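here's my sequence, what's the structure:
(4 chains)
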There are 4 protein chains.
Amino acid sequence: MTYKVAVAGCTGYAGGELLRILLQHPEVEIGVLTGNSSVGERLGDHQPHLAPLADRIVAPTTAEELAGHDVVFLALPHGTSAAIAEQLGDDVLIVDAGADFRLNDAAAWEQFYGSPYAGTWPYGLPELPGARDALEGSKRIAVPGCYPTASTLALLPAVAGGLVDPTQISIVAASGTSGAGKAAKPHLIGSEVMGSMSPYGVGGGHRHTPEITQNLLSVTESEVSVSFTPLLAPMPRGILATCSAPIVGDVSTAIARATYEAFYADEPFVDLLPEGSWPQTAAVVGSNRATVQVVADLAARRLIAISAIDNLTKGTAGGAVQSMNIALGLDESTGLSTTGVAP
Amino acid sequence: MTYKVAVAGCTGYAGGELLRILLQHPEVEIGVLTGNSSVGERLGDHQPHLAPLADRIVAPTTAEELAGHDVVFLALPHGTSAAIAEQLGDDVLIVDAGADFRLNDAAAWEQFYGSPYAGTWPYGLPELPGARDALEGSKRIAVPGCYPTASTLALLPAVAGGLVDPTQISIVAASGTSGAGKAAKPHLIGSEVMGSMSPYGVGGGHRHTPEITQNLLSVTESEVSVSFTPLLAPMPRGILATCSAPIVGDVSTAIARATYEAFYADEPFVDLLPEGSWPQTAAVVGSNRATVQVVADLAARRLIAISAIDNLTKGTAGGAVQSMNIALGLDESTGLSTTGVAP
Amino acid sequence: MTYKVAVAGCTGYAGGELLRILLQHPEVEIGVLTGNSSVGERLGDHQPHLAPLADRIVAPTTAEELAGHDVVFLALPHGTSAAIAEQLGDDVLIVDAGADFRLNDAAAWEQFYGSPYAGTWPYGLPELPGARDALEGSKRIAVPGCYPTASTLALLPAVAGGLVDPTQISIVAASGTSGAGKAAKPHLIGSEVMGSMSPYGVGGGHRHTPEITQNLLSVTESEVSVSFTPLLAPMPRGILATCSAPIVGDVSTAIARATYEAFYADEPFVDLLPEGSWPQTAAVVGSNRATVQVVADLAARRLIAISAIDNLTKGTAGGAVQSMNIALGLDESTGLSTTGVAP
Amino acid sequence: MTYKVAVAGCTGYAGGELLRILLQHPEVEIGVLTGNSSVGERLGDHQPHLAPLADRIVAPTTAEELAGHDVVFLALPHGTSAAIAEQLGDDVLIVDAGADFRLNDAAAWEQFYGSPYAGTWPYGLPELPGARDALEGSKRIAVPGCYPTASTLALLPAVAGGLVDPTQISIVAASGTSGAGKAAKPHLIGSEVMGSMSPYGVGGGHRHTPEITQNLLSVTESEVSVSFTPLLAPMPRGILATCSAPIVGDVSTAIARATYEAFYADEPFVDLLPEGSWPQTAAVVGSNRATVQVVADLAARRLIAISAIDNLTKGTAGGAVQSMNIALGLDESTGLSTTGVAP
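Numbering: from 1, shown residues only, chains lettered A, B, ... in the order given. Presented below is the predicted three-dimensional model:
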């Protein structure tokens, strides 16, 4: 069977990556593509890399245009998904690449997003224990944020396995600039970002902080406290998340590796690298793969876990398609690749 | 008075940056330039940006060539400085950009460098309490490592002021590729580093770890424990050090800022940025300036302190010249600039 | 039917890109992978992006190892293909990504490559008139150079259509650093190439010059003279070829566009962009697509034709697989994509 | 004597580079800094690398603010300089980094800039024969465009010396992104420019085309026809101009080099590189130096001349200060450096 799929928000980076992946997906037919300020224009003018769709014309993002599809991906500004979802009805699988339905804590939502709380949808991080059950057959999916995907995959086995004190977690995650979207802002022009590393949203203010905390809370009885610092790195794609927390008890690198190995043994898209190899973002560009490595620093009594993902693929569009596959009952890996485009 | 200065190791990045700065130094005359495999070649073939010295011929690194100078900078492989220093005698100011005389813990030296311990020289980080006294009139200077410079400047006021628990320090520092030197190694070629972030020396193994610890120990009675993770970033120059530690007691951002402000009030090369501004490496490229910012994350109960430096300037050659100025009794800022080359 | 395919030279960039594409090819089974200094090592240590092949062990490049395959790709140093081909016999399809069998002018070969002339094999640029006929059923394929692919595709319709004087052709082509291969050379390390544009092989000395000339000669009765200047650009992948030549007679942009449109109407991998759009290398990264644009500068009386390709895909490995498909009688596009990975 | 200098347009890249250079200029005192949308803001918020001026407040660009200075630099949008100059009077040295007074052909001005023609001022390319005479004592200076500076310096000796046919000139010049200014435009954000080469203004439409032609016309009796293609390169700074033209008569590389050597023998900021060395933009970043190399391609019968400059320094602000020095009767090199910041 072929599923007819629409993408709302087709001219941005998330929309473009969704289309790149959907073009390779054997069970999917790409239907309407909608936008906002670009309505009536050729997709090729906005996504010059999507040659097979170059002559598609951008339609307006309305329920009328999006109707008649089996799956609708939303790559829209925060706060707009609920209204569209309601209009589309309960029979359509809606996959929201935005944040609207990620947080189960209404207060945290309002504090970090400043808009009315809309509730939660099944969370599209299949590697999170229990997530696949919730996704199977679901008609709604909340795609995780890119930083939460990278950070959670790095820390999950350690927190679930009780290897670390989850009240003292530190995360420093460097992201490529596509994570900031396609809007032209002065600090994002090439002249400013090339050759520069800089932090932003420091001190607990980044919106992905409560999402990371929520994910880790799902695998521990303990409290969880996360210090999260995002960095803007001079590259278009990729996230490298460097995570650490105090070791609890007697945890060697060997024990940590065994824990991670077991945790991810059956995961098609998470690889614990061989000892001595470290994640590098270039190796996962364009792939849905997360690479992870872990080491116990016995002098500092801290476990260091590092992950690399492509923020647009595993961190957004690839993760969205992976979850869609589960929801539709397809093989989870359909249309997704673990092969990166490097160098 | 004009000081005659020699640079041993003139074809590498540290040597090149030393010469770039010395060319602007009004009290200095550049004498002999020595190298190893490049002996007899034009400097212009190795340092095409140093136009005024293009036709200088590289001499061999011997005591004979280096004799007759008031100041000798050593930018040599580890373990080679002691022998040369001994031959040059006690009247010459020797500034060692290498690691040989940085650590006061012989065991740590042997563990991290694997060669015989040579002792210590006055440590060229003038911002460290007491350092200027030791540097004044000294004939020997050990230039700090680039990561220790960035990390120490970010953490010093917090540790000295007792704002944080120094036994739980986490540092993630991203460096431009010039920090790895000029030797051609497969993982450092442009095709590999452009578009990629990757860690190395993870888990406490990087040689700069004990040096950072030693610096922080000098301002606290407490034990100090540092988890240090260096990252290779896709840019030629710059270090962004993201440091954090648990807050002790009631420390707000305002208190932290006041502490930093006071600590660095008289420092010519360290700037606490205005609240809301964050260090970015591009702004300090080519300058001897370190920018610092600090914030208290009260939710995570962690203080975040971030610094940016140019690894080759303040992190190596600029810091070396700053210390030389102190040793010679010159104004500390002579020949050094706080203006970066951006964008 | 599934073809069993070997790749000799699997650890370099051409070999890695061949494997990336072959992993997506539905009619291919990847057989032995051979190398030289890396024999016995995991492929994952050399090509960390090729996750599905990470645990493959590199075999030695010998006829014994390569025997028993339907197709053997050679990504080897110049001058080594002939001996291997002879040992493998006439039944095996050998696709040589090296230069050994590209030039039909023995004197030019010897002048530019300095080794004995080995002859020619059918030339794997299907867009060249007559090339498909020669490739169909062939057991030998000489894969074009990356610059010749980009330059030829930009100029072919103009020269074939008599729009320009082919004795006054100027080509300036900027390439990503992967074109220089994976060998660690001082001028190719990231610190040197990031932030820098530089030419090399200027003045007619680059080995791809006679190959470009040969291609253009095949579509004109005129003499052909090409001034070719390659530039090293600070990016891992991509070639942008800016080509120009004096206009002959009355050639407007409209006429030129019509000529190009007709010439490439049936080509699956060459796109004349809409008027006003210009090729950009990022849009074709990872794809087998060449984008082309042409304009008549009536003031300067010169036709400007510009193309963009991925040097490793359409410029090497993708072009190789495209030609393999033709030789095997498969659909020419099998396993190849026109979708790029951007941003 | 110290000259009091104002900079109008202090928040853009040209303004920032002017200030960076003026900070090093021993005969200059930096006076008022004016802007437009940034009036009342700290300069440090716009130019974080200019530490010594961080707390300066941006004033409005009015004749009142600019009055009382010896020198006023204008880094303003095209078409706005004439009105300000008139208000400031004839006693003030006005150095216009914009295009308003560059072209002596009113028709060309109107065709390329689409605004009323304002006339010409002495042209600030001292290396152009006769330029210094016109600049000495002048109260008005038109700073050349960045591409014309690079292209003219590459071609001048060849055209002046009759080595080439100036009716068949081809220029392909790759520029860093700062040449496009600081305005946030979608195609200039980091995600789009990193990893990509792309052309723009192709086919004779770029505004710098008539300026290049005008410069070359000043040294030849022949007609001049220039095909000019600018490329956007993934780096913040630098221009590499690859220029070529048919050789006239018997011109070897040796003859060409001798011609260039003689032409630039006394120029403090133009270096013909040793044979075999080629210009690279990284070596001139932050310097006022232009590097040039030339070779005769006897097979293609074309002379190739290549230059590298920093578009913001020699190409804009450094060239402006060099001309200011001449106008004021100072040593031409005052405050300017030939040392680049590399890597």
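
quick one, what contacts whichever residue of the stretch 51-200 of chain A sits closest to chain C?
At 4.0 Å from chain C, A:Ala51 is the closest residue in the stretch 51-200 of chain A, using C-beta to the nearest C-beta. All C-beta spots, glycine's among them, are computed from the backbone N, C-alpha and C. Counting by C-beta atoms under 8 Å, 6 or more residues apart in numbering or on different chains, A:Ala51 touches A:44, C:271, C:287, C:289, C:338-340.

what's the closest non-adjacent residue to A:Gly16?
When the adjacent residues along the chain are set aside, A:Gly16 lies closest to A:Gln47, with 4.6 Å between them (C-beta to C-beta, 6 or more residues apart in numbering or on different chains).

who's in contact with the one you found?
Counting by C-beta under 8 Å, 6+ apart, A:Gln47 touches A:10-11, A:15-16, A:19, A:53, C:342.

how far does whichever strand or helix holds A:Thr34 sit from its chain's centre?
Element membership for A:Thr34 (DSSP states H and E) is strand A:28-35. Distance of strand A:28-35 from the chain centroid (C-alpha atoms, centre = their mean, to the nearest Å) equals 21 Å.

just checking, what packs against it?
Judged by 3 or more C-beta pairs under 8 Å, 6 or more residues apart in numbering or on different chains; DSSP states H and E, strand A:28-35 is in contact with strand A:3-8, helix A:13-22, strand A:59-60, helix A:63-66.

and the last one, how far out from the chain's middle?
Pointing back at helix A:63-66 there. Offset of helix A:63-66 from its chain centre (C-alpha atoms, centre = their mean): 26 Å.

can you name the element that comes right after that helix?
Next along the chain after helix A:63-66, taking DSSP H and E as the criterion, comes strand A:71-74.

now do that following strand, average pLDDT.
Mean per-residue pLDDT for strand A:71-74: 98.

that strand: partners in the sheet, and parallel or antiparallel?
Paired strands of strand A:71-74, with direction, are strand A:3-8 (parallel), strand A:93-96 (parallel) (DSSP bridges).

how about the residues of chain A near chain C?
When proximity is defined by C-beta under 8 Å from any C-beta of the partner chain, chain A lies next to chain C at A:13, A:16, A:20, A:23-24, A:42, A:44-45, A:47-52, A:54, A:177-178, A:194-195, A:236-237, A:271, A:274, A:277, A:280, A:282-287, A:289, A:291, A:337-343.

taking the residues you listed one by one, which sit in helices?
Mapping these onto helices (DSSP state H) picks out A:13, A:16, A:20.

what is the nearest of those to B:Ala320?
A:Tyr13 (43.4 Å; C-beta to C-beta).

the closest one reaches C:Pro343, doesn't it?
Yes - counting by C-beta atoms under 8 Å, A:Tyr13 does reach C:Pro343; the two are 6.5 Å apart.

joint contacts of these two?
Residues touching both A:Tyr13 and C:Pro343 (C-beta under 8 Å, 6+ apart): A:178, D:191.

related to what we said a few turns ago, filter the residues of chain A next to chain C to the buried ones?
Using 16 or more other C-beta atoms under 10 Å in any protein chain shown as the burial test, these include A:13, A:16, A:20, A:23, A:42, A:44, A:47-51, A:54, A:177-178, A:194-195, A:236-237, A:271, A:277, A:280, A:282-287, A:289, A:291, A:337-343 as buried.

which ones among those residues map onto strands?
With strands taken from DSSP state E, the overlap with those comprises A:271, A:291.

quick revisit: which one of the ones in helices among the residues of chain A next to chain C sits closest to chain D?
If you rank those by distance to chain D using C-beta to the nearest C-beta, A:Tyr13 comes first, at 7.0 Å.

OK, contacts around the nearest residue to that closest one once chain neighbours are set aside?
Excluding the flanking residues, the one nearest A:Tyr13 by C-beta to C-beta, 6+ apart is A:Ser178, at 4.8 Å. Residues in contact with A:Ser178 (C-beta under 8 Å, 6+ apart) are A:13, A:236-237, A:311-312, C:343, D:191.

save those as JSON lines, and put in distance to B:Lys182 and pLDDT too.
What follows is these, written out as JSON lines (distance: C-beta to C-beta, whole Å; pLDDT from 0 to 100):
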{"residue": "A:Tyr13", "distance to B:Lys182": "36", "pLDDT": "98"}
{"residue": "A:Pro236", "distance to B:Lys182": "27", "pLDDT": "98"}
{"residue": "A:Arg237", "distance to B:Lys182": "28", "pLDDT": "98"}
{"residue": "A:Asn311", "distance to B:Lys182": "32", "pLDDT": "98"}
{"residue": "A:Leu312", "distance to B:Lys182": "34", "pLDDT": "98"}
{"residue": "C:Pro343", "distance to B:Lys182": "31", "pLDDT": "97"}
{"residue": "D:Ser191", "distance to B:Lys182": "30", "pLDDT": "98"}
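
A:Ile304 belongs to a helix, doesn't it?
No - under DSSP: H, G, I helix; E, B strand; the rest coil, A:Ile304 sits outside any helix and is assigned strand.

my guess is it contacts A:Thr242, does it?
Yes - when contacts are counted by C-beta under 8 Å, A:Ile304 is listed as touching A:Thr242 (7.1 Å).

what is in contact with the two at once?
With contacts defined as C-beta under 8 Å, 6+ apart, the residues shared by A:Ile304 and A:Thr242 are B:Thr229.

strands of the stretch 151-300 of chain A, residue ranges please.
Using DSSP state E, counting those that start in this stretch, the strands of the stretch 151-300 of chain A run over residues A:169-175, A:198-199, A:226-232, A:239-246, A:270-272, A:290-297.

wait, does the shortest one contact chain B?
In this case it means strand A:198-199. Yes - with C-beta under 8 Å from any C-beta as the criterion, chain B is reached by strand A:198-199 at A:198-199.

who does that strand touch, helix- and strand-wise?
Strand A:198-199 sits against strand A:226-232, strand B:239-246, with contacts defined as 3+ C-beta pairs under 8 Å, 6+ apart.

now A:Gly335: closest residue in space, sequence neighbours ignored.
Sequence neighbours aside, A:His25 is the residue nearest to A:Gly335 in space, at 3.1 Å (criterion: C-beta to C-beta, 6+ apart).

same check, this time on A:Ser337
A:Ser287 (5.4 Å).

surely that neighbour touches C:His49?
Yes - with contact defined as C-beta under 8 Å, A:Ser287 and C:His49 form a contacting pair (7.2 Å).

list residues touching both of these two?
Jointly contacting A:Ser287 and C:His49 under the rule C-beta under 8 Å, 6+ apart are A:339-341.

what does the strand holding A:Thr34 rub up against?
With C-beta under 8 Å, 6+ apart as the test, strand A:28-35 has contacts from A:2-11, A:15, A:19, A:22-23, A:41, A:43, A:46, A:53, A:56, A:58-62, A:65-66, A:68-69, A:71, A:335.

contacting residues for the residue lying closest to A:Pro157 once chain neighbours are set aside?
Nearest non-adjacent residue to A:Pro157, counting by C-beta to C-beta, 6+ apart: A:Phe263, 3.7 Å away. Applying C-beta under 8 Å, 6+ apart, one finds that A:Phe263 lies in contact with A:156-157, A:160-161.

do that again at 7 Å, thanks
By C-beta atoms under 7 Å, 6 or more residues apart in numbering or on different chains, the contact set of A:Phe263 is A:156-157, A:160.

how about the residues of the stretch 151-300 of chain A near chain B?
A:168, A:170, A:172, A:174, A:191-192, A:195-200, A:202-204, A:225-227, A:229, A:231, A:233-236, A:238, A:240, A:242, A:244, A:246, A:278-282, A:285, A:295, A:297, A:299-300 (C-beta under 7 Å from any C-beta of the partner chain).

got a quick PyMOL command for the buried subset of those?
The PyMOL selection below is limited to those of those classed as buried (16+ other C-beta under 10 Å):
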select buried, chain A and resi 168+170+172+174+191+192+195+196+197+198+199+202+203+204+225+226+227+229+231+233+234+235+236+238+240+242+244+246+278+279+280+281+282+285+295+297+299+300
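
centre of the chain to the helix or strand bottoming out on mean pLDDT in chain A, how far?
Ranked by mean pLDDT, DSSP states H and E, the weakest helix or strand in chain A is helix A:81-88, scoring a mean of 93. When C-alpha coordinates are averaged (C-alpha atoms, centre = their mean), helix A:81-88 and its chain have centres 22 Å apart.
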